[in-house]
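**Q** Any chance you can model this:
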Amino acid sequence: MDTLSVSAIIFICLFSFIVAIFLIAAQWKIYQKADQPGWACIIPLYNTLVLLKIVGKPWWWLLLMLIPFVNIVFAIWMVNLLSKSFGKDTGFTLGLIFLGFIFYPVLGFGSARYRGPYGDPQKFQEYQQTHRFDFEQ
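**A** Now for the predicted structure:
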């Protein structure tokens, strides 16, 4: 390998690391806006449980996320519910799906406010009173 190849590999790795840190920070902010611990976004599986809580879906959706092909449908549905929970529309959902590296930072660092599951604050309060995860009791 010549010096150019090594420097290109180092540049690509460094750039990827910076983008990954930026996207983790964006997701951290999304969790914080929804009154959840930001650090939860970096813990595998637990981050999905917290995200399910943010969008107002039960914990057993996590099990559905483990089924091939079914997980794609439920992941898209969950992203749509996340978008609606912040008062965004279907176009924003498509942006989150296809251009996530742009739209997740917009959601996290932008002016979007968490409005509860489906974007309805009253429904969120009712949900919080009746549905708690086992680890919260």
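
**Q** Please work out the average pLDDT along the helix ranked longest in the chain.
**A** Counting residues, the longest helix in the chain under DSSP state H turns out to be helix 3-33. What helix 3-33 shows for mean pLDDT is 94.

**Q** Helices of the protein, start to end?
**A** Under DSSP H, the chain gives helices at 3-33, 46-55, 61-64, 70-85, 90-98, 100-109, 121-130.

**Q** one step back: and the longest helix of the chain, which residues are buried?
**A** For helix 3-33, the neighbour count (16 or more other C-beta atoms under 10 Å) marks 23, 25-33 as buried. Where C-beta positions appear, they are placed from N, C-alpha and C, glycine not excepted.

**Q** Packing partners of that helix?
**A** Packing partners of helix 3-33 (3 or more C-beta pairs under 8 Å, 6 or more residues apart in numbering; DSSP states H and E): helix 46-55, helix 100-109.

**Q** Go through the ones you listed and name the closest to residue 4.
**A** Taking C-beta to C-beta, helix 100-109 is the member of the helices and strands packed on helix 3-33 nearest to residue 4, at 26.9 Å.
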